[in-house]
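> no sequence for this one, just the structure:
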């Protein structure tokens, strides 16, 4: 059985210490079968905005399918992705522990026969920002950069830079970036992050 993981956010540049070693190839330029947008404020990133599937707005983007070694089972693939999304890489968490009533649980989606593979899993965390705007996203990103997540490079500004570098483009991104630069007085996102880190 061929198994993959669809990456459309931070997973593209940073699959994590469990998924990376069992990734044998990458299929680039794979359109997501659902639109995504910066519609989630992540608790594990000090409320930084992150990309999630959305029912309204957003856009389908070109993601990457990480093709896993044929020794990886469906259960193992789900568990690794679940731990990656919870920032618990290397822990003992398993996907069967997910609480379907908890909006903060790291839900996963499954795509059968996707991108030429038997099964492809993807993160499907729920949106918790009902009406994302560039102004709101920028404030959350700047606050997260000043928080402990900023020191670890897991803040919203770093996340936005990674998304841009990976070729991700959503309807809110240009305005979101412009608002970060306006609020910080920076010329680019790298400088904005440094200013936010200095408080």
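Good, I have the coordinates. Fair warning: this is a prediction, and the values are worked out from it, not measured in the lab.

> what comes into contact with stretch 62-73?
Stretch 62-73 has contacts (Cβ atoms under 8 Å, 6 or more residues apart in numbering) with 1-8, 11-12, 15, 19, 22-32, 77, 80, 114-115, 117, 120, 166-168. For glycine as for every other residue, the C-beta is placed from the backbone atoms N, C-alpha and C.

> 6 Å instead?
The contact list for stretch 62-73 (Cβ atoms under 6 Å, 6 or more residues apart in numbering) reads 3-8, 12, 22-32, 77, 115.

> likewise for stretch 9-21?
Contacts of stretch 9-21 with the rest of the structure, by Cβ under 6 Å, 6+ apart, involve 51, 64, 80, 84, 89, 159, 162, 166.

> try it again with 7 Å
Under the contact criterion Cβ atoms under 7 Å, 6 or more residues apart in numbering, stretch 9-21 has outside partners 5, 7, 23, 50-51, 64, 66, 80-81, 83-84, 89-90, 159, 162-163, 165-166.

> could you do stretch 150-166 as well?
Stretch 150-166 has contacts (Cβ under 7 Å, 6+ apart) with 9-10, 12-13, 45-46, 48-51, 140-141, 144-145, 149, 176-177, 180, 189, 192-193, 196-197.

> which of those fall within helices?
Using DSSP state H, 140-141, 144-145, 149, 176-177, 180, 189, 192-193, 196-197 are the members of the contacts of stretch 150-166 that sit in helices.
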